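> Predicted coordinates and the sequence they were generated for:
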Amino acid sequence: MPEQSEGTTSKNGSGRSLRIQLIDTILVALGTLVTIAGIIALIHLMDVRTTTANVRDQHDECISAATDLMEASDYLTTQARLCVSTSDLSYMDSYLDELLHTRRRDHAVATLRRDAKDGTAATELEEALNNSNSLAERELYAMRLTAEAEGVSNIPKLVSKVELSSQDQALSPEQKHARAQEMLLGHEYNDLKSLIVKDVDECTSALVDNLRDERGVRHYERTPPPHVTRGRTSPRP
C-alpha cells in the first residue's frame with residue numbers, strides 16, 4: 001500500500017478542523033437563537049401576565065365601585081323611608097349626612113365615570129345618574145311633606161327649599177303623612193329603583209367588556225354584577 005505524503009495528511013487534517021469549527025459555529029448560533037427565542041417568550045409571558053393583572057385590578061375596582069354605589073343608595077332609601085314612616089326627623093339628618101358629606105355615591109360614580117368615557121357604559125351610567133337624581137328629589141320632597149305634617153319649620157336648607165305643590169300644601173297633616181309614605185313605598189318608587197339597578201348592571205358589564213377588549217385579554221373569571229353577588233333585587237344609586 002502506498003504511503004500518504006505529509007502534504008496530503010496536512011490537507012485532510014485542515015479540512016476536518018474547518019468542518020469542526022463550522023459545526024461549532026452553527027451550534028453556537030443555534031444556541032444563541034434558542035436563548036433569544038426563550039427570552040422573547042418569557043418577556044411576552046410576563047407582559048400577558050401583567051396585562052391580565054391590570055385588567056383584573058380594574059375589573060375589581062369597577063365591581064367595588066358599583067357595590068359601593070348600591071350600598072350608599074340603599075342607605076339613603078332606608079333613611080328616607082324611616083323618616084316618613086316614623087316621623088322621626090333624625091333620619092333626615094342621617095340621610096343628608098350621607099348625601100352631602102360622606103358622599104359614597106359620588107365617589108363611586110367618579111370611579112365608574114373615569115373608565116366609562118364613551119359608548120354603552122357611559123350612556124348607561126348617565127341614565128342611572130339621571131334616574132337616581134330624580135329619586136333623590138322624590139325623597140327630599142317626601143321628607144319635606146313629613147316635616148310639614150309634624151309642624152316643624154327648623155329643618156335643613158336642602159329640605160326647606162323644596163317647594164310643595166299647592167295641592168299637597170292644602171292637605172291635612174294626616175294626608176301629608178300618607179302622601180309622603182306613598183311616594184317612597186309605592187309602585188312608582190320601586191319601579192324607578194328597578195330601572196336604575198338595570199342601568200348600573202349594564203354599565204358595569206360594559207365596563208368589564210371594554211377592559212377585556214382593550215387589553216386583549218380573552219380569558220378571566222368574570223364577577224357577576226353586584227346585585228347578583230349580594231342577592232339583591234332592587235338597589236339604586
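Yes, it's here.
> The closest residue in space to residue 104 that isn't next to it in sequence: neighbouring residues, count only.
Nearest non-adjacent residue to residue 104, counting by Cβ to Cβ, 6 or more residues apart in numbering: residue 72, 3.6 Å away. Every C-beta, even on glycine, is put in place using the N, C-alpha and C of the backbone. Close neighbours of residue 72, defined as other Cβ atoms under 10 Å, add up to 23.
> Surely residue 72 is in contact with residue 98?
Yes - counting by Cβ atoms under 8 Å, residue 72 does reach residue 98; the two are 6.5 Å apart.
> any residues in contact with both of these two?
104, 105 (Cβ atoms under 8 Å, 6 or more residues apart in numbering).
> For this structure, give me the ranges with low pLDDT.
Flagging of the chain using pLDDT under 70 yields the residue ranges 1-25, 27-55, 118, 212-237.
> Now do the SS call for residue 171.
coil (DSSP: H, G, I helix; E, B strand; the rest coil).
> do you know how far the residue lying closest to it once chain neighbours are set aside is from residue 205?
The shortest distance from residue 171 to any non-neighbouring residue, by Cβ to Cβ, 6+ apart, is to residue 179 (6.2 Å). Using Cβ to Cβ, to the nearest Å, residue 179 is found at 37 Å from residue 205.
> quick one: residue 82 from residue 181, how far?
To residue 181, residue 82 is 11 Å away according to Cβ to Cβ.
> Equivalent analysis for residue 154, please.
Relative to residue 181, and taking Cβ to Cβ, residue 154 is found at 23 Å.
> With neighbour numbers in mind, choose between these two.
Between residue 154 and residue 181, counting by other Cβ under 10 Å, residue 181 is the more crowded of the two (16 against 7).
> tell me which element the more buried one falls in.
Assessed by DSSP states H and E, residue 181 sits inside helix 173-185.
> Show the secondary-structure elements that that helix is packed against.
Under the contact definition 3 or more Cβ pairs under 8 Å, 6 or more residues apart in numbering; DSSP states H and E, helix 173-185 sits against helix 6-86, helix 119-150.
> Go through the last one and flag the buried ones.
It refers to helix 119-150. For helix 119-150, the neighbour count (16 or more other Cβ atoms under 10 Å) marks 121-122, 124-125, 127-129, 131-132, 135-136, 138-149 as buried.
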